[in-house]
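Engineer: with the input below, show me the fold.
(2 chains)
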Amino acid sequence: MSLLFQQPWLIPLLALAGLPLIVHLLSRTRPPVYRFSNLEFLQRVVRRTARFRRPKDWLLLALRTLAIAALASAFLGPLLFSKSGILPGEKRTVILLVDRSASMAARDGAATRFEAAVLAAGEALDNLRPDAANLVWIDASPAAIFPEPAPNRTFLSESLEQASARPEPGALARAWELALRQCAVGTGRKELVVISDFQSSAWKNFDTTVPADVNVRAISVAHGDSANVAVSSLVASPAEPVAGQETTVICRVRNFSGEARRTTLSLDAGGSNQSRPVD
Amino acid sequence: MTTAYKFLKPEDIRRLKNYEFGAKAMVEGYLSGRHRSKQRGASIEFHEFRQYVPGDDLARVDWRVYARNDKLFLRTFEQETNLECHIFLDASASMAFPENDGRLSKLEYASFFAACLSWLVTSKNDRVSLTLFDKGIRKHLPPGSTRRHLHDLMTTLEATKPGSPTDLPDALHRAHPLLKRRGTLVILSDLFTDPARLFTALNPYLHRGFRVHLFHILDPAELDLENRGLSRFMDMENDSRLTVHPQALREAWKQEILAHSRALRALAAGRSVDYALAPTNESYFSLFDRFRNS
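Structural biologist: Down below sits the predicted model:
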């Protein structure tokens, strides 16, 4: 957490915080002189009451100083911001890295994950209000909407609305690399917003290291683990059998979800149905 | 008597004359004591013959009786007890308070009272002494009852300026040998001193039979601290300084002064010493009433 001011040229105003102390010291040193008959008694009284008065005096001084400091700070326009915050007047570049691989077609309730991702991307653009932005898809052949980050957020929003999940795996490494390149050419504060279902098979061992000047924000659109099981390869030998010829079919099934699943494989070969449960 | 003295105003003298009973009681009572004493002494009033015993003053032997009877007899006379009034006036720097305020300073107030008391005592042909003190004895006028003595006393009071810091107990200790005869000791001071030490210093006087009046003279501003805003208090006696807001200390100060006064009063009561707090905004004639009431 840092503190900056919107009117830093008014920082000398903070010197006014010393004003109560100066007034306090001046009033201590320049009161009118009063010749009194006996100070010994008076000192005795002061000693007896000082332990009650002194904290009160200091508290009063502290409160006055705080009041002046608060007033000066109000003029300065203090701004508390975290790492994701932005300084007044600072440029901001946002790169949206949106997953539209096959797993994003899965439904979580009424909407698909991709629809949720589009919604989240739109909100990110609206909230962050970047000076320049770009959109990089995570799919089989990752590409950016603009050659480099541009201020046209409207076009990005339209591209998001028109897109849909594709029945293909996502080339995560290439997409990530492309997004970082887009960040590198951006100006000002750079933010990479990653919107995905973060399926474990793809992201578990993926190196998400980014340059120090890039702030990464991850938005997961997956609500729980869906049954993400797919046939990853299917081989028949011989590939073109004749009638009556024995054929061997080798089917590879991959579980992309995070937990063990049981499913049933069915093979329909010329009217012959074969089913087999798979763990 | 011509009274062109600063501290002896004609109206005060007129008023003192009206104190006939009070003055008489004071002068004829313990203060000067014209009543006859049990002690035998030299006077014109014959009392009786007494047989000589070794050690008697041979000057008092009646030689005519000895010539007739061959025995030594002494003529004894009634001794007129002319007990004296000893005024002990604090002339320390603190008695100059308040300065430049249009009010009587404590020293002026005490001087007025001392002047009136001196006039009252000498008007009855009794003797009065004046001792000015601060940290020691500044001036001592031995007892006297003449007009000349009264004049000296008045001019001494007028010439008195506030001096050094106070040390009443030490001054009492030093003055003790100066007071040859017992009498009434009237102390006029602001009494900014340790009560126990003060009464220790008074003990020799009390043992000698002095009647002691202790008048605690304070300005009203000393009784309750004036509300004057933040001020740099400077001690009139030693120039030490203290910056305080009197309003914040007022109640504690009042308690302190009252406690001091109570301590003095309690110690005085235990030793049959008359103690009176005398604010300078009250007439000093109220102090004469204390003599009458004593």
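Engineer: quick one: the helices in the stretch 101-250 of chain B, in order.
Structural biologist: B:106-123, B:147-159, B:168-175, B:195-207, B:220-224, B:246-270 (DSSP state H, counting those that start in this stretch).
Engineer: err, the stretch 151-279 of chain A, not the other one
Structural biologist: A:153-162, A:172-185, A:200-203.
Engineer: how about the residues of the stretch 1-150 of chain B by chain A?
Structural biologist: With the criterion set to Cβ under 8 Å from any Cβ of the partner chain, the stretch 1-150 of chain B comes near chain A through B:94-95, B:97, B:99, B:106. Quick note: C-beta positions are derived from backbone N, CA and C, even for glycine.
Engineer: out of these, who's the most crowded?
Structural biologist: Counting neighbours by other Cβ atoms under 10 Å in any protein chain shown, residue B:95 comes out on top of those with 29 neighbours.
Engineer: mind listing what that residue touches?
Structural biologist: Applying Cβ atoms under 8 Å, 6 or more residues apart in numbering or on different chains, one finds that residue B:95 lies in contact with A:37, B:105-107, B:110, B:162, B:189-190, B:217.
Engineer: point out where chain B drops to low pLDDT.
Structural biologist: For chain B, the stretches with pLDDT under 70 are B:1-3, B:19-47, B:77-83, B:292-294.
Engineer: do that again at 50, thanks
Structural biologist: B:20-42, B:80-81 (pLDDT under 50).
Engineer: most centrally placed residue in it?
Structural biologist: Closest to where the C-alpha atoms of chain B average out (Cα atoms, centre = their mean) is residue B:186, at 1.9 Å.
Engineer: that older thread, and among the helices of the stretch 101-250 of chain B, the most buried is which?
Structural biologist: helix B:106-123 (a mean of 24; mean count of other Cβ atoms under 10 Å in any protein chain shown).
Engineer: please enumerate the strands of chain A.
Structural biologist: Ranges of strands within chain A are A:2-5, A:33-36, A:78-81, A:92-99, A:107-108, A:111-112, A:132-138, A:189-196, A:214-220, A:229-237, A:248-255, A:263-269, A:272-278, based on DSSP state E.
Engineer: same question for chain B.
Structural biologist: All strands of chain B, identified by DSSP E, fall at B:36-51, B:73-80, B:84-90, B:128-133, B:137-144, B:183-189, B:211-218, B:231-235, B:241-244, B:274-279.
Engineer: and the shortest one, what other elements does it pack with?
Structural biologist: Identification of packing neighbours for strand B:241-244 by 3 or more Cβ pairs under 8 Å, 6 or more residues apart in numbering or on different chains; DSSP states H and E yields helix A:39-76, strand B:231-235.
Engineer: can you list contacts of that strand?
Structural biologist: With contact meaning Cβ under 8 Å, 6+ apart, strand B:241-244 is reached by A:28-29, A:31, A:39, A:42-43, A:46, B:230-235.
Engineer: so in that sheet, which strands flank that strand, and in what orientation?
Structural biologist: Here strand B:241-244 is paired, per DSSP bridges, with strand B:231-235 (antiparallel).
Engineer: for the strand it pairs with, the distance to its chain's centre please.
Structural biologist: Counting by Cα atoms, centre = their mean, to the nearest Å, strand B:231-235 is centred 31 Å from the centre of its parent chain.
Engineer: hmm, who's touching that strand?
Structural biologist: With contact meaning Cβ under 8 Å, 6+ apart, strand B:231-235 is reached by A:31-40, A:42, B:240-246.
Engineer: quick one: buried residues of it?
Structural biologist: B:231-233, B:235 (16 or more other Cβ atoms under 10 Å in any protein chain shown).
Engineer: ok, and the closest non-adjacent residue to the closest residue to chain B within the stretch 101-250 of chain A?
Structural biologist: Among all residues of the stretch 101-250 of chain A, residue A:189 sits closest to chain B, at 53.8 Å; criterion: Cβ to the nearest Cβ. Closest residue to residue A:189 apart from its sequence neighbours, by Cβ to Cβ, 6 or more residues apart in numbering or on different chains: residue A:92 at 4.7 Å.
Engineer: help me confirm that the one you found comes into contact with residue A:128.
Structural biologist: Yes: look at residue A:92 against residue A:128 with Cβ atoms under 8 Å: they come within range, at 6.5 Å.
Engineer: report the set of residues contacting both of those two.
Structural biologist: residue A:191.
Engineer: show me what contacts residue A:121?
Structural biologist: Contacts for residue A:121 (Cβ under 8 Å, 6+ apart) come out as A:96, A:98, A:135, A:160, A:193, A:195.
Engineer: cutoff 10 Å now
Structural biologist: Residues counted as contacts of residue A:121 (Cβ atoms under 10 Å, 6 or more residues apart in numbering or on different chains) are A:94, A:96-98, A:133, A:135, A:156-157, A:159-161, A:163, A:193, A:195, A:219, A:221.
Engineer: buried among those? Make that a PyMOL selection.
Structural biologist: Only the buried members of the contacts of residue A:121 end up in this PyMOL selection, burial being decided by 16+ other Cβ under 10 Å:
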select buried, chain A and resi 94+96+97+98+133+135+156+157+159+160+163+193+195+219+221
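Engineer: near chain B, which of the contacts of residue A:121 show up?
Structural biologist: When contact is defined as Cβ under 10 Å from any Cβ of the partner chain, the contacts of residue A:121 do not meet chain B at all.
Engineer: nearest to residue A:181, of the contacts of residue A:121?
Structural biologist: Proximity of these to residue A:181 was ranked by Cβ to Cβ; the top entry is residue A:97 with 11.7 Å.
Engineer: across the sheet, point out what pairs with the closest one.
Structural biologist: residue A:136, residue A:194.
Engineer: roughly how far apart are it and residue A:198?
Structural biologist: Distance of residue A:97 to residue A:198, computed by Cβ to Cβ, to the nearest Å: 12 Å.
Engineer: what's the overlap in contacts for the two?
Structural biologist: Common contact partners of residue A:97 and residue A:198 (Cβ under 10 Å, 6+ apart): residue A:218.
Engineer: quick one, phi/psi of residue B:284?
Structural biologist: Residue B:284 adopts backbone torsions of phi -70, psi -10, taken as degrees, to the nearest 10.
Engineer: what's it in contact with, if anything?
Structural biologist: B:12, B:104, B:109-117, B:188, B:215, B:217, B:278.
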